[in-house]
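# Structure for this input, please:
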Amino acid sequence: MGMFVDIDEVLTKLRERCGIALRGGPPPTLEAVLEESARRGVLYGNAATLFKKWRLYMRYVGEAVPEALSLPVDKATQFRQFVDGLIQLLDKAEKQAREKLAGICKAVEEGRVKIKSGKTVSHICAGGVCIHAHSTSAPVFKLPLHDISAKLYFPSIGLGPEEVEAFQLGWRASDEATEGRRPEMGTTKPWQLLAWLAVRSGVVRIYLHYVHVNASGLSLETYAVARDWEQRWSKEEAQRLAVEAIQRGDYRPLLTWFLGDGVARWENLRLYLAGAILGGFRRDVAKRGSYATREISTAVAKALLENAGIYGRLLEVLRSHKWEYLKTLASYKPPLSPTYVTVRGVEMRLHLSARTLYAERRLASEEEARRTAERLAPHASIYKDRNRYVVYIPWSGLKELMQKDPALGRAVVDYLGKVAERKPIAKKLLAQITPLF
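You can find the predicted model right below:
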């Protein structure tokens, strides 16, 4: 691992991860597998569940994809044959992975491993089996699988030549690599493997290369080499051509660029490529500000969805987490700014819950809260929320006050009108008071 890495610490982490990898658990369900794919893309499991998850997923797409895309009978048959071939590889990989994991993890636990250190990769070995420990901020452990490959055929899903080229550009601009002169893709995400193959259809060599031993569990790394295609572009040329296409208003290369290098950060919805917000396209692509703003990100996400065509239907049925992320981003609606109204000279904030509308004023002292409630009597009450005193007017009290204060009534009607589209309760409340104003 290099001179700055503590080998004992690395072995401790591997021992912990072996414990996760070999522990038992309930059998996976298709519903849970599809949810995992839609949320984070990678399928994680233990020695008993990882390959079951992959088989559940592949059997699902074997039926769902031909139906969703209305593939002709011959193409549907070829697609299912591809799935069957991949499942056979999964069966072989599972047997090898479980045997190797059991042996190497037992050796790690008993302190019987030999370590061959390198600058970037160290090999932790026992009984002819090695785990590769890659040097990063935290060690990445990979268990190699040997002789798990097959030549399969992936049929066309119905994309035209011009569509195929546009989507190929984005993949090449991001994750697609080259083996010799052939396009190649490595991934731990089953949906990504299939989405890439959809634009590199034909004869493909599939390798099940590694099992990753992660803190979240085991994951499977696959490689695919498209034997019927020759690589046309360097990485830099593909990126340049993709940007030129986006400048012309063709967002298809950006879609597959995002499917490759994009990052789904559900807690902070933005459009990211390789961890960076898409500010670099501010002048070249968007011509309307930086993608760093959520508003621009939302507009671009909508354009990506609208330009996807049949490819979008494929991503939908594959339960791609990045496609789901784009859908969430495209439908994002910013929260409304707080709305304040004046009630008998007291500034109060309106709150709309799932069932009602109310007004409140938060104050630091009980005495101040009592004085405020007296001004609003008999419509207000007081309660304590942590270290604040809240003066509260329920919907019934607001309706009575509005009948005597037209300005307050118009402000409430205006507020409910703004939120009625996204909150159904607002329409019901409006119906109760609109005749009064």
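
# For the rest of this, base every contact and every neighbour count on C-alpha atoms.
Will do.

# in the host helix or strand of Val61, what's buried?
Val61 is part of helix 50-68, with elements assigned from DSSP states H and E. For helix 50-68, the neighbour count (16 or more other C-alpha atoms under 10 Å) marks 50-58, 60-62, 65-66 as buried.

# Out of the residues you listed, which is nearest to Ala238?
Within the buried residues of helix 50-68, proximity to Ala238 (C-alpha to C-alpha) peaks at Val65, which comes in at 28.6 Å.

# one step back: which member of the buried residues of helix 50-68 is positioned nearest Ser297?
The shortest approach to Ser297 among the buried residues of helix 50-68 belongs to Val65, at 29.1 Å (C-alpha to C-alpha).

# Surely the closest one touches Val317?
Yes: with contact defined as C-alpha atoms under 8 Å, Val65 and Val317 form a contacting pair (6.5 Å).

# And the strands in the stretch 301-437 of the chain, which stretches?
Along the stretch 301-437 of the chain, counting by DSSP state E, counting those that start in this stretch, strands occupy 340-343, 346-352, 357-363, 381-385, 388-393.

# if we compare those, which one ends up closest to Val204?
It's strand 346-352; of the strands of the stretch 301-437 of the chain, that one is closest to Val204 (C-alpha to C-alpha) at 55.9 Å.

# Dead centre of this structure: give me the residue that sits there.
His321 (3.8 Å; C-alpha atoms, centre = their mean).

# so what's that residue closest to, chain neighbours aside?
Ala38 (4.0 Å; C-alpha to C-alpha, 6 or more residues apart in numbering).

# OK, contacts around the one you found?
If you count contacts by C-alpha atoms under 8 Å, 6 or more residues apart in numbering, Ala38 has them with 319-322, 324.

# Let me see the contact set for Arg388.
Counting by C-alpha under 8 Å, 6+ apart, Arg388 has contacts 362-365.

# Which single one of the residues you listed is nearest to Gln192?
When these are compared against Gln192 (criterion: C-alpha to C-alpha), the nearest one is Arg362, at 50.4 Å.

# Residues in a beta bridge with the closest one, which ones?
Val390 (DSSP bridges).

# where are the low-confidence patches of the protein?
Counting by pLDDT under 70, the chain shows low-confidence ranges at 1-5, 137, 273-296, 335, 436-437.

# Output the longest strand belonging to it.
Longest strand in the chain, counting residues (DSSP state E): strand 202-214.

# which residues are contacting the helix or strand following that strand?
The first helix or strand that comes after strand 202-214 along the chain, using DSSP H and E, is strand 217-226. Contact with strand 217-226 is made by 17, 20-21, 42-47, 50, 179, 182-189, 193, 197, 200-213, as judged by C-alpha under 8 Å, 6+ apart.

# Taking the residues you listed, please make a PyMOL selection of just the buried ones.
With 16+ other C-alpha under 10 Å as the burial test, the buried ones among the contacts of strand 217-226 are selected in PyMOL as follows:
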select buried, resi 17+20+21+42+43+44+45+46+47+50+183+184+185+186+187+188+189+193+197+200+201+202+203+204+206+207+208+209+210+211+212+213
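
# Other residues contacting stretch 360-371?
With C-alpha under 8 Å, 6+ apart as the criterion, stretch 360-371 contacts 347-351, 382, 387-393.

# Let me fix that, I meant to ask about stretch 145-159.
Residues contacting stretch 145-159 (C-alpha under 8 Å, 6+ apart): 69, 71, 75, 78-79, 82, 85, 89, 92-93, 96-97, 197-199, 201-211, 310-311.

# How about stretch 91-106?
15, 18, 22, 47, 51, 113, 125-127, 129-131, 143, 145, 148, 208, 211.

# where along the stretch 151-300 of the chain do the helices fall?
If you assign secondary structure with DSSP state H, counting those that start in this stretch, the helices in the stretch 151-300 of the chain sit at 161-173, 190-197, 235-247, 252-261, 294-306.

# among those, which is the most enclosed?
Of all the helices of the stretch 151-300 of the chain, helix 252-261 has the most neighbours on average by mean count of other C-alpha atoms under 10 Å, namely a mean of 26.

# Run through the neighbouring helices and strands of that helix.
Helices and strands touching helix 252-261, by 3 or more C-alpha pairs under 8 Å, 6 or more residues apart in numbering; DSSP states H and E, are helix 161-173, helix 235-247, strand 272-273, helix 294-306, helix 321-330.

# What are the contacting residues of the last one?
Contacts of helix 321-330 from elsewhere in the structure, counted by C-alpha under 8 Å, 6+ apart, are 37-41, 258-259, 262-264, 266, 269-270, 297-302, 305, 315-316.

# again, 6 Å this time
37-41, 298, 301-302 (C-alpha atoms under 6 Å, 6 or more residues apart in numbering).

# ditto for the first one
For helix 161-173, the external contacting residues (C-alpha under 6 Å, 6+ apart) are 199, 235, 238-239, 252-254, 256-257.

# mind running it again at 8 Å?
Outside helix 161-173, the residues that touch it by C-alpha under 8 Å, 6+ apart are 196, 199-200, 233-236, 238-239, 241-242, 252-260.

# can I get the CA coordinates of that helix in PDB?
Taking C-alpha atoms only, helix 161-173 is exported to PDB below (Å, rounded to 0.1, in the frame of the first residue of the first chain):
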ATOM      1  CA  PRO A 161     -28.200   5.600 -36.600                       C
ATOM      2  CA  GLU A 162     -28.300   9.300 -35.700                       C
ATOM      3  CA  GLU A 163     -29.700   8.600 -32.300                       C
ATOM      4  CA  VAL A 164     -27.100   5.900 -31.600                       C
ATOM      5  CA  GLU A 165     -24.200   8.300 -32.500                       C
ATOM      6  CA  ALA A 166     -25.600  11.100 -30.300                       C
ATOM      7  CA  PHE A 167     -25.800   8.800 -27.300                       C
ATOM      8  CA  GLN A 168     -22.500   7.100 -28.100                       C
ATOM      9  CA  LEU A 169     -20.800  10.500 -27.900                       C
ATOM     10  CA  GLY A 170     -21.900  11.100 -24.300                       C
ATOM     11  CA  TRP A 171     -20.800   7.700 -23.200                       C
ATOM     12  CA  ARG A 172     -17.400   8.100 -24.800                       C
ATOM     13  CA  ALA A 173     -17.100  11.600 -23.300                       C
END
